[in-house]
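K.L.:
Model the structure of this input:
(chains A, B, C and D)
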2 protein chains.
Amino acid sequence: MVSFSDFPTGGEGPIYLRIVRFIRAGVAAGSVVDGDEMPSRRVVSATLGVNPNTVQKAYRMLEEEGLIVSRSGAKSFACVTPESREAARQRLRAEELGRVISSLRRSGMEKSAAMELLSKLWDEDIEEGGEEE
Amino acid sequence: MVSFSDFPTGGEGPIYLRIVRFIRAGVAAGSVVDGDEMPSRRVVSATLGVNPNTVQKAYRMLEEEGLIVSRSGAKSFACVTPESREAARQRLRAEELGRVISSLRRSGMEKSAAMELLSKLWDEDIEEGGEEE
DNA sequence: CCAACCGTATTACTTGACTAATACGGTTCA
DNA sequence: TGAACCGTATTAGTCAAGTAATACGGTTGG
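P.N.:
From the prediction side, this is the model:
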């Protein structure tokens, strides 16, 4: 059973995206494996203190990414293949990259510095955290 | 006198940012030089068919960037130095870079490919244009 | 079967970004 | 000086994103 007990307290962006990120990170790290039972929308909503529909929005997105499967009325399960796992990693990287660029847009950084920063953040194993300029 | 007669019809994003971009591009390209008289908020608003406050928002941002100077009651003028001109170029580049990354986020690009694309787009001389996938 | 759970759809509320309407005070020049 | 501009501040309307409230129908296990 996938657990939300380690769900980070803070974090940036809307809740539903942080849920998506949390599961993607679990898939990428291997803590979420194929066939794992997902906690129900209501259970997660109670755990995080949000509305079930907010969780549903995240689960829907995860399903569209192929990371979970849902049948109406029944429980949801993780659906992890080598391909979807690699895709999850790529999406996490892309998010980091996007944040870096957002910072770049607000300052007038030079190319070399931008490339270095980009390379550095791309390589690092980042799960959570990271602040603005 | 800076002219808005060449202001692009279409364009992406909010109007006030397109105005900022338009002037920045003028500064970067040299069509807007130091001491140039800026058309008043009301004149530009009439030309573009928007509210004067929308133009004001853009002018305010340009002033914070040091590209124009405004005195309450009097006309506004361009304030272009070699430094501010270079900063305008950097900001235009940063916007392009930001758009590229937005595309990257939607696909699952690898680091090497992203770095190459980033490097390439950073070097190229881009003034206007650029579309999404 | 049927109660208890599940996923899902519809609707509404809240908030921030963007734009507009309006009014106020400063500058300029005949 | 005063009319005609100018920049500026305040307020309100519009719209999309995020979240919540509620209800509906499907699945499951005793």
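
K.L.:
So the residue of chain A found nearest DNA strand D: helix, strand or coil?
P.N.:
Nearest to DNA strand D in chain A, going by C-beta to the nearest atom of the strand, is residue A:73, at a distance of 2.6 Å. Placement of C-beta: from N, CA and C, glycine included. Under DSSP: H, G, I helix; E, B strand; the rest coil, the three-state class of residue A:73 is coil.

K.L.:
any idea of the pLDDT on it?
P.N.:
Looking at residue A:73, its pLDDT stands at 94.

K.L.:
swap in residue A:10?
P.N.:
The predicted local confidence for residue A:10 is 81.

K.L.:
swap in residue A:92?
P.N.:
80.

K.L.:
How about residue A:24?
P.N.:
At residue A:24, the model reports a pLDDT of 96.

K.L.:
Same check on residue A:31?
P.N.:
pLDDT at residue A:31 comes out at 96.

K.L.:
SS state for the residue nearest to the spatial centre of chain A?
P.N.:
Compute the mean C-alpha point of chain A, and by C-alpha atoms, centre = their mean the closest residue is residue A:21, 1.0 Å away. The three-state assignment at residue A:21 reads helix, by three-state DSSP.

K.L.:
Those residues of chain A touching DNA strand C, which are they?
P.N.:
Applying C-beta under 7 Å from any atom of the strand, we find that chain A lies next to DNA strand C at A:38, A:40-43, A:52-53, A:56, A:59-60, A:63, A:70-76.

K.L.:
Can you select the buried ones from those in ChimeraX?
P.N.:
Those of these that count as buried under 16 or more other C-beta atoms under 10 Å in any protein chain shown are selected in ChimeraX with:
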select /A:38,41,56,59,70,76
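
K.L.:
Sort out for me which of the residues of chain A next to DNA strand C are in helices.
P.N.:
Secondary structure from DSSP state H places A:41-43, A:52-53, A:56, A:59-60, A:63 of the residues of chain A next to DNA strand C in helices.

K.L.:
can you list the residues you listed in CSV and add distance to DNA strand D and pLDDT?
P.N.:
Converted to CSV, those look like this (distance: C-beta to the nearest atom of the strand, whole Å; pLDDT from 0 to 100):
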residue, distance to DNA strand D, pLDDT
A:41, 9, 98
A:42, 9, 97
A:43, 14, 97
A:52, 6, 97
A:53, 4, 97
A:56, 8, 98
A:59, 13, 98
A:60, 11, 97
A:63, 16, 97
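
K.L.:
any idea how far the residue of chain A closest to DNA strand D lies from residue A:40?
P.N.:
As judged by C-beta to C-beta, to the nearest Å, residue A:73 and residue A:40 stand 11 Å apart.

K.L.:
Repeat that for residue A:19.
P.N.:
For residue A:19, the distance to residue A:40 (C-beta to C-beta) stands at 13 Å.

K.L.:
From residue A:45, how far off is the residue nearest to residue A:50 when sequence neighbours are not counted?
P.N.:
Closest residue in space to residue A:50, ignoring its immediate chain neighbours: residue A:15 at 5.5 Å, by C-beta to C-beta, 6 or more residues apart in numbering or on different chains. According to C-beta to C-beta, residue A:15 and residue A:45 sit 10 Å apart.

K.L.:
Thanks a lot, see you next time.
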